[in-house]
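Trainee: kindly generate the corresponding structure for this input.
(4 chains)
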Amino acid sequence: MTNDPQTKQPQGLSVNQLSCERGYRELFNDLNFSLSPGEILHIKGENGAGKTSLLRIIAGLALPVTGEIRFNGYNCRKYRSEYNEQLAFMGHKLGIKLELTPVENIRSHCDLGKSCTRQQIMDTLKKVGLYGFEEMYCNQLSAGQKRRVALAQILLSQTQLWILDEPFTSLDVIGVELFLKIIREHVCQGGMVLLTTHQEVTLKDCTLKYLQLPDGTLSEPE
Amino acid sequence: MYNAFFNLLKRDLRLAFRHKSEILNPLFFFVIVVTLFPLGISPEKQVLAEIGPGIIWVAALLASMLSLDSLFRSDFEDGTLELMLLSEYPLPILILAKIVAHWLITGFPIIIFSPLLGTVMFLSNEAIETLMITLLLGTPILSLIGAIGMALVVALKRGGMLLSLLVLPLYIPVLIFSSNAVGSSMAGLSISGQLYFLAAFLIFCLTLAPIATSAALRVSLE
Amino acid sequence: MMEMFQMGKYGAYVWSSYGLALIVMGYVAFKPLLDKKAIFKELSMKYRRESQSNNKQEQA
Amino acid sequence: MMKAIMKFIYQFASPKHFYRLSGKIIPWFAWLAAILLIAGSIDGLFIAPVDYQQGDSYRIIFIHVPAAWMSMFIYMVMAISGAIALIWKIKLADVIASSSAPIGAAFTFLALVTGSIWGKPMWGAWWVWDARLTSELILLFLYLGYMALESAIEDPRAAARACAILAIVGVINIPIIHYSVEWWNTLHQGATVTKLDKPSIHISMLIPLLLMALGFKLYYGAVVLMRARNKVLVTEQNNRWVKEIIG
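Mentor: This next block holds a predicted model:
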């Protein structure tokens, strides 16, 4: 970051002139938006509109046809390691090993980023409602409980930008509420969240923005 | 960074010990293929001693290739590979940890068992010694080159056949020099040239293969 | 004249080599021409489909 | 300065510009290639003197050797353009690489088969584990792997990038494979076979060889441009200029 010549940088994520194709079909074209600390962006669109593709491009997993993504002013592709330091991603695949226990899973996830103590892991597991499951193998957990393990991983990553693809899948009502609460806390502390979901998200005291795909119009709820 | 390397190595080893078949299957394959040859060709001592080095090496080559699937497949399917790509640590280092773990799981047992097969194929003691040295130098090369091929096909449904087409031509130098070294030591010739070549090739692969593998993984996971 | 084509006793080998080269290279050179025709046909059909659906939208 | 050069290159390598330019170049390449190949064949078949050791059978080298050269040259082209595509994100380089593969495979096949046909009268067998033939065979495997990978990956852009990596890995390995095969061959066969490859060639034989080699290069140039043009039409099918051309 220090290498970047410009000193005064806009904070947050900015997406410029992004376009994406799948095969020879254009998913979206010339997409522009930005996200500042303390904001949530809910990406909407029909199936196949390119929501997942957009999230994967922003996370740096996929390449756009054109356009670039900047985080705090620097190009994410050039400063990949610095960007990844600030990024937590939850995709369709949760990244949980079924042969490992939640604690082992979270620990090996932490090994890829910032390290965490056993106490922190236990506290987080308690927070996401998995107290008492920490020594069970994950293949014995339900789909919703696996989600919660993934949520604990996201929480412990201590990153600013969360990219969540359909995070509420297979969660019950209580789980969704818990998830929303945690998202709100994160955002209130200056975090940023990008998410897709088919549910209505209602969060008070938070700046919530909508992005409609494929045309890319931005709107705010009344 | 060293912690990330060793923790990932430990995780992979722990996973392998929970799935013992991952360790045992390549080993059984190796032993069975070698025992097929006396049955198919001739049990005579001279014939077997002549073709033994080549057969043991071809079997080791195939065993190593078939075990490649376990290198990235399960991580790809449950999404941990995605999270690895989003780590703040350099991807080649993480990949190298996975390759080392894979070699310890599949390559190392083959080396331990090779004297047994050498005896069965009527190799002399010196030849068995050389066989073990060549396996020690050669099987890591197979894992390193194989990782590139596996990274290219990991996202494909029927990657197995394709993998062999991609990887086997690149294995040829290892096969030539290793089996020749064993044969030469049977005949009482000097083998330092072959061993130097293998060592040089190993170092070469050790530096470049993780980089190529991580580039290939980034493409495959797109 | 015939001697020239017989190439000693090697005529069959030499002529089959040259013949094979002609066939292989001829095919490789000819294939893109066929491909081009197919691509033109396919794309023009695609564009016609697209313009048709556009017209319908405008009418509606 | 660097930026200006890169801008020029990007503009030059833009699909639209390439399509127009290559359309003008192809006829030149094709006609020159045809003339050179016909001249080289006539010279090689009828005018060049008979070899005192091999009789007329050596006339196969006018096909065999240029084809073997081309097989290696084209693989190099694929790896280099793959690297260019990966580093500078020039789409055209990907197109050139993937258009080259089948041509390279065809030349490799041709070199192998003509080598084998030549081997029959020379060595008395259709196949000999000669270092050159073996290397050529492995090269054919590399080509087949490349093409198999390309057809296995559905997304065309991902396929191009995966193939570029494979080609680069392959091209780094080719010298190693070649060296090891040569070493293996001298151990097992001695130098009996290679006498045909390195005689100090007479000028009257060199001329048709060079004519053919140049003809093959131009032929490759013409065909690869033709294939690349087709690919460009497909990959750029959503752009207006393609729609205008097709009408």
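Trainee: so which bits of the helix ranked longest in chain A are buried?
Mentor: Among all segments of chain A classified by DSSP state H, the helix with the greatest residue count is helix A:173-188. For helix A:173-188, the neighbour count (16 or more other C-beta atoms under 10 Å in any protein chain shown) marks A:175-176, A:178-180, A:182-184, A:186-187 as buried. Heads up, the C-betas are built off the backbone N, CA and C, glycines and all.
Trainee: hang on, A:I163 packs against A:T52?
Mentor: No: under the contact definition of C-beta atoms under 8 Å, A:I163 does not touch A:T52, with a separation of 10.6 Å.
Trainee: out of those two, which sits in the busier spot?
Mentor: The neighbour comparison of A:I163 against A:T52 (other C-beta atoms under 10 Å in any protein chain shown) goes to A:I163, with 27 against 17.
Trainee: what bridges to the more buried one?
Mentor: With DSSP bridges applied, A:I163 shows beta-bridge pairing to A:F89, A:L194.
Trainee: what does the longest helix of chain A contact?
Mentor: Contacts to helix A:173-188, defined as C-beta atoms under 8 Å, 6 or more residues apart in numbering or on different chains, come from residues A:38-40, A:127-129, A:144, A:147-148, A:151, A:155, A:162, A:167-168, A:171, A:193, A:195, A:199, A:201, A:203, A:205-207.
Trainee: look at the residue of chain B found nearest chain D and report its pLDDT.
Mentor: Residue nearest to chain D within chain B (C-beta to the nearest C-beta): B:P173, separated by 3.9 Å. B:P173 is assigned a predicted lDDT (pLDDT) of 92.
Trainee: can you count the residues close to it?
Mentor: 24.
Trainee: hmm, it is touching D:H178, no?
Mentor: No: here B:P173 lies out of contact with D:H178, judged by C-beta under 8 Å, at a distance of 9.4 Å.
Trainee: just say helix, strand or coil for A:Y131.
Mentor: The assignment at A:Y131 comes out as coil when based on DSSP: H, G, I helix; E, B strand; the rest coil.
Trainee: and stretch D:3-11, average pLDDT?
Mentor: 76.
Trainee: any idea which element the closest residue to the residue of chain B closest to chain D other than its chain neighbours lies in?
Mentor: Computed as C-beta to C-beta, 6 or more residues apart in numbering or on different chains, the closest residue to B:P173 that is not its neighbour in sequence is D:S180, at 3.9 Å. Element membership of D:S180, judged by DSSP states H and E, is helix D:156-189.
Trainee: next, the buried residues of that helix.
Mentor: Within helix D:156-189, judged by 16+ other C-beta under 10 Å, the buried ones are D:156-171, D:173-174, D:176-178, D:180-181, D:183-185.
Trainee: stretch B:75-84 now?
Mentor: Taking 16+ other C-beta under 10 Å as the neighbour-count basis, stretch B:75-84 is seen to contain the buried residues B:75-76, B:78-84.
Trainee: picking up where we left off before, list the residues that contact the residue of chain B closest to chain D.
Mentor: Contacts of B:P173 were listed using C-beta under 8 Å, 6+ apart, and they are B:197, B:201, D:173, D:176-177, D:179-180.
Trainee: go through the particular helix or strand that has B:Q46 in it and flag the buried ones.
Mentor: Secondary-structure element containing B:Q46, defined by DSSP H and E: helix B:45-66. The neighbour-count criterion (16+ other C-beta under 10 Å) identifies B:48-49, B:51-66 as the buried residues of helix B:45-66.
Trainee: next SSE downstream of that helix?
Mentor: helix B:69-78.
Trainee: is that following helix anywhere near chain D?
Mentor: No: where contact is defined by C-beta under 8 Å from any C-beta of the partner chain, no part of helix B:69-78 touches chain D; the two come within 14.1 Å at best.
Trainee: what number of residues lie near the closest residue to D:L45 other than its chain neighbours?
Mentor: By the measure of C-beta to C-beta, 6+ apart, the closest residue to D:L45 outside its immediate chain neighbours is D:R59, 5.9 Å from it. D:R59 sits with 27 neighbouring residues when counted by other C-beta under 10 Å.
Trainee: list the contacts for D:R59?
Mentor: Listed by C-beta under 8 Å, 6+ apart, the contact partners of D:R59 are C:7, C:10, C:14, D:44-45, D:48.
Trainee: same thing with B:M65?
Mentor: With contacts defined as C-beta under 8 Å, 6+ apart, B:M65 is in contact with B:142, B:146, B:163-164, B:167-168, B:171.
Trainee: what secondary structure does A:S115 sit in?
Mentor: Classification of A:S115 into helix, strand or coil gives coil, according to three-state DSSP.
Trainee: which parts of chain A are helices?
Mentor: Using DSSP H, the helices of chain A run over residues A:51-59, A:80-85, A:102-111, A:118-127, A:143-156, A:173-188.
Trainee: repeat that for chain D.
Mentor: In chain D, the helices defined using DSSP H lie at D:2-12, D:15-42, D:61-88, D:91-123, D:131-152, D:156-189, D:203-235, D:240-246.
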